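Colleague: What would the 3D arrangement of this be:
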Amino acid sequence: MTKSDLIERVAARVPHISKKDTELVVNTIFEGMTEALKGSKRIEIRGFGSFQVKIREAREGRNPKTGEEVQIPAKRTPFFKVGKELKERIDSERRASPPTAGAAAEGGTASDAG
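Modeller: Modelled structure (predicted):
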């Protein structure tokens with residue numbers, strides 16, 4: 001699912017709000033989440049999961065083409081932890097009906113939302 005798909009679904013469920021206003025709401029939510037993570041704040045959406053910033057220490061790596069050692073700098077990266085309720089819902093739906101080839105190929109992630 002893309003952000004455009006999400007906007008379409010929200011607009012369909014709330015027909016009295018214009019699609020432009022729906023897009024503004026979705027963008028505002030994502031901007032708020034981004035600002036919270038930039039400020040190292042944790043985001044918890046009950047029943048869905050939580051987002052937080054993890055710090056990856058500087059380390060030594062290798063260039064896969066040349067095998068040459070390279071220094072990888074420390075960085076902050078967003079991390080999503082799925083909530084128990086979401087995990088259970090996805091697992092129960094999987095057991096009820098096996099995924100189709102198209103669903104397996106989609107392989108959507110939280111990063112697809114933006």
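Colleague: need the longest helix for this structure.
Modeller: helix 19-38 (DSSP state H).
Colleague: Sheet partners, orientation included, of the helix or strand just after it?
Modeller: Per DSSP states H and E, the first helix or strand lying C-terminal to helix 19-38 is strand 43-45. Its sheet considered, strand 43-45 pairs with strand 49-56 (antiparallel) by DSSP bridges.
Colleague: So in that sheet, which strands flank the helix or strand hosting residue 61, and in what orientation?
Modeller: Using DSSP H and E, residue 61 sits within strand 59-62. Within its sheet, strand 59-62 is paired with strand 69-72 (antiparallel), according to DSSP bridges.
Colleague: Run through the bridge partners of the nearest residue to residue 83 once chain neighbours are set aside.
Modeller: With sequence-adjacent residues excluded and distances taken as C-beta to C-beta, 6 or more residues apart in numbering, residue 83 is closest to residue 49, at 4.3 Å. For glycine as for every other residue, the C-beta is placed from the backbone atoms N, C-alpha and C. For residue 49, the beta-bridge partners under DSSP bridges are residue 45, residue 82.
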